[in-house]
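K.L.:
The sequence isn't on hand, but the structure is:
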């Protein structure tokens, strides 16, 4: 009987050691607390590339590409650049602001910068 109990206790101790992530329970507790702490949101340069593109580039670039595809100007790169400058939300541009007369991005006060379409 005694040898069976010792063997059973030994198996229980071995299982406890296998399931315990840290030898020192205090270390495990402090690590778990650290993992659960609120962290500040990552800065722009800390984001993974896909998340950076989806957050900062695609929302402005996709409508611009759709507009250039619809408009099909003679100089699409210049037209696209002008559109992006006029519709940059970081600089207060109104997204989707297109001059109905010319079909190009509205030029506002910079009329000389308007691109031929």
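P.N.:
That came through fine. Remember, predicted model here, so these are calculated numbers, not experimental data. Numbering: from 1, shown residues only.
K.L.:
hang on, residue 83 in a helix?
P.N.:
Yes. The assignment for residue 83 is a helix, going by DSSP: H, G, I helix; E, B strand; the rest coil.
K.L.:
That one: neighbouring residues, count only.
P.N.:
Neighbours of residue 83 under the rule other CB atoms under 10 Å: 28. Bear in mind the C-beta positions are built from the backbone N, C-alpha and C, glycine included.
K.L.:
Pretty sure it sits against residue 66.
P.N.:
No. Between residue 83 and residue 66 there is no contact, the gap being 10.3 Å when judged by CB atoms under 8 Å.
K.L.:
ok, which stretches of the chain are strands?
P.N.:
Remark: no strands are assigned in the chain by DSSP state E.
K.L.:
Can you pull out the low-pLDDT segments for it?
P.N.:
Scanning the chain for pLDDT under 70 picks out 11-22, 40-42, 93-117.
K.L.:
where exactly do the helices run in it?
P.N.:
All helices of the chain, identified by DSSP state H, fall at 2-19, 25-36, 49-52, 58-71, 76-86.
K.L.:
So which of these is the most surrounded?
P.N.:
Highest mean neighbour count among the helices of the chain (mean count of other CB atoms under 10 Å): helix 76-86, with a mean of 18.
K.L.:
same for it, what does it pack against?
P.N.:
Counting contacts by 3 or more CB pairs under 8 Å, 6 or more residues apart in numbering; DSSP states H and E, helix 76-86 is packed against helix 58-71.
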